[in-house]
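Undergrad: using only what follows, build the 3D model:
(4 chains)
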Protein chains: 2
Amino acid sequence: MTDKAEHQVLELERFLPYRLSVLSNTVSQAIAATYERRFALTITEWRVMAVLGRYDGLSAREVAERTAMDKVAVSRALARLIGAGRVRRQTADHDRRQSVLRLSAKGWKVYDQVAPLALEHEQRLLAHLNPAEQRWLADILDKLWDAELEEIAR
Amino acid sequence: MTDKAEHQVLELERFLPYRLSVLSNTVSQAIAATYERRFALTITEWRVMAVLGRYDGLSAREVAERTAMDKVAVSRALARLIGAGRVRRQTADHDRRQSVLRLSAKGWKVYDQVAPLALEHEQRLLAHLNPAEQRWLADILDKLWDAELEEIAR
DNA sequence: TTAATATAGTTTCAATTGAAACCAATCGCA
DNA sequence: TGCGATTGGTTTCAATTGAAACTATATTAA
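TA: Coordinates of the predicted model:
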């Protein structure tokens, strides 16, 4: 019963979800390491700043949607960012439950240093692939992304 | 100074590390959901069981290497698995610090149900890609994997 | 109007995690 | 031999996280 031959073999190192997970963590950790110490910025905080840099005036819920984080995590990240003076919060005129969030001047200063850093890292990663591979990867991720996130939506 | 035009724009939804991270979490969560409830098995526990199913008699350190988990996480997962009677632990003859770990009969029973389930999920995921895309993805992951993990080793 | 329901966001409390300290066994080598 | 350094693995303590409850506002519909 415990003889190897009788069991389905799952080679973890070849198992796609596992490979995605380890690769993704390794990459994210490597990038995060470069700004966590220097800017006292966690990965979740940076994600919030990144979407606010791109889309000004979002509410917390919209930030949660765009970062794929849950609202508790966003709430906490925002508390820290606001405490550090990197994000300003106003209350929405049309709905006083909602907040209107934007990077402060101080926040933009951080953003302007971290964004290029992050993009550099992405380039460094992509540099291991030739242009054809880069295109395939982008397309494949699009496909999987759409397929999987649709799954969730149901 | 806070005018959009002056800032580097980082579109999170197009940022490779972010896409990898969200996709990977979504996939792993979906798979884990199917065995967490049914077998009271966490993702880390399953990873430990998966490598023990493949490589019999590993030490805890070797499990940690093969699962890309840190030794504390492995130690705790093992404590739970041994407590549940799914893994047996002996002490290595040649070095009494090391343990020799194997799935118990009970552990194998779980393994035999979860492994096919996990492989099915992988197939379901890959089904969104045509054969050419599947090959490119495998190759690309190999490349990135090697490149990134080398980086760490240094 | 007002009562019931829904939504935005925060807080609380318990469970999980991570870092550092720790213990025990082994290794390297004077 | 024997003693400092290393390795395998666990424990401890603080920080982080997740789930559920909660507050405040808005919406719906009677």
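
Undergrad: in three-state terms, label the residue of chain A found nearest DNA strand D for me.
TA: Per Cβ to the nearest atom of the strand, A:Arg96 is where chain A lies closest to DNA strand D, at 3.5 Å. (C-beta placed from N, C-alpha, C; glycine too.) Here A:Arg96 is coil, with the state taken from DSSP: H, G, I helix; E, B strand; the rest coil.

Undergrad: which phi and psi does it have?
TA: Main-chain dihedrals, A:Arg96, degrees, to the nearest 10: phi -70, psi 0.

Undergrad: which one is the spatially most central residue of chain A nearest to, not counting chain neighbours?
TA: Centre of chain A computed as the mean C-alpha position; nearest residue by Cα atoms, centre = their mean is A:Arg47, 5.3 Å away. Excluding the flanking residues, the one nearest A:Arg47 by Cβ to Cβ, 6 or more residues apart in numbering or on different chains is A:Thr67, at 4.4 Å.

Undergrad: and the one you found, how many neighbours?
TA: 22 (other Cβ atoms under 10 Å in any protein chain shown).

Undergrad: now do it against B:Gln98, distance only.
TA: For A:Thr67, the distance to B:Gln98 equals 43 Å [Cβ to Cβ, to the nearest Å].

Undergrad: before we move on, back to that, ok, the residue nearest to the centre of chain A touching B:Ser21?
TA: No. With contact defined as Cβ atoms under 8 Å, A:Arg47 does not count as touching B:Ser21 (9.4 Å).

Undergrad: okay, now A:Glu65: neighbour count?
TA: A:Glu65: 14 surrounding residues under other Cβ under 10 Å.

Undergrad: secondary structure element for it?
TA: In this assignment (DSSP states H and E), A:Glu65 forms part of helix A:60-67.

Undergrad: cool, A:Arg102 as well?
TA: Residue-wise, A:Arg102 maps onto strand A:99-103 under DSSP H and E.

Undergrad: how about the helices in chain A?
TA: In chain A, the helices defined using DSSP state H lie at A:16-39, A:43-54, A:60-67, A:71-83, A:105-126, A:131-153.

Undergrad: can you redo the ones you listed as TSV, where the extra columns are distance to DNA strand D?
TA: Below are the helices of chain A laid out as TSV (distance: least, Cβ to the nearest atom of the strand, whole Å):
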stretch	distance to DNA strand D
helix A:16-39	10
helix A:43-54	6
helix A:60-67	12
helix A:71-83	5
helix A:105-126	18
helix A:131-153	14
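
Undergrad: rebuild these as a markdown table, extending it with mean pLDDT and distance to B:Ala40.
TA: Below are the helices of chain A laid out as a markdown table (pLDDT from 0 to 100; distance: least, Cβ to Cβ, whole Å):
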| stretch | mean pLDDT | distance to B:Ala40 |
| --- | --- | --- |
| helix A:16-39 | 92 | 20 |
| helix A:43-54 | 96 | 29 |
| helix A:60-67 | 96 | 30 |
| helix A:71-83 | 97 | 25 |
| helix A:105-126 | 95 | 37 |
| helix A:131-153 | 87 | 24 |
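
Undergrad: surely A:Gln134 is in contact with A:Ala127?
TA: No. Applying Cβ under 8 Å as the test, A:Gln134 and A:Ala127 come out as separate, 9.5 Å apart.

Undergrad: which one's more surrounded, the two?
TA: Between A:Gln134 and A:Ala127, A:Gln134 has the larger neighbour count (other Cβ under 10 Å), namely 15 against 10.

Undergrad: mind putting the helices of chain A into TSV with distance to A:Leu10?
TA: Below are the helices of chain A laid out as TSV (distance: least, Cβ to Cβ, whole Å):
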stretch	distance to A:Leu10
helix A:16-39	9
helix A:43-54	30
helix A:60-67	32
helix A:71-83	32
helix A:105-126	28
helix A:131-153	20
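
Undergrad: between these, which one is closest to B:Leu12.
TA: For B:Leu12, the closest of these is helix A:43-54, at 5.0 Å, according to Cβ to Cβ.

Undergrad: how many neighbouring residues does A:Arg86 have?
TA: For A:Arg86, using other Cβ under 10 Å, the count is 24.

Undergrad: ditto for A:Glu36
TA: For A:Glu36, the tally of surrounding residues (other Cβ under 10 Å) stands at 15.
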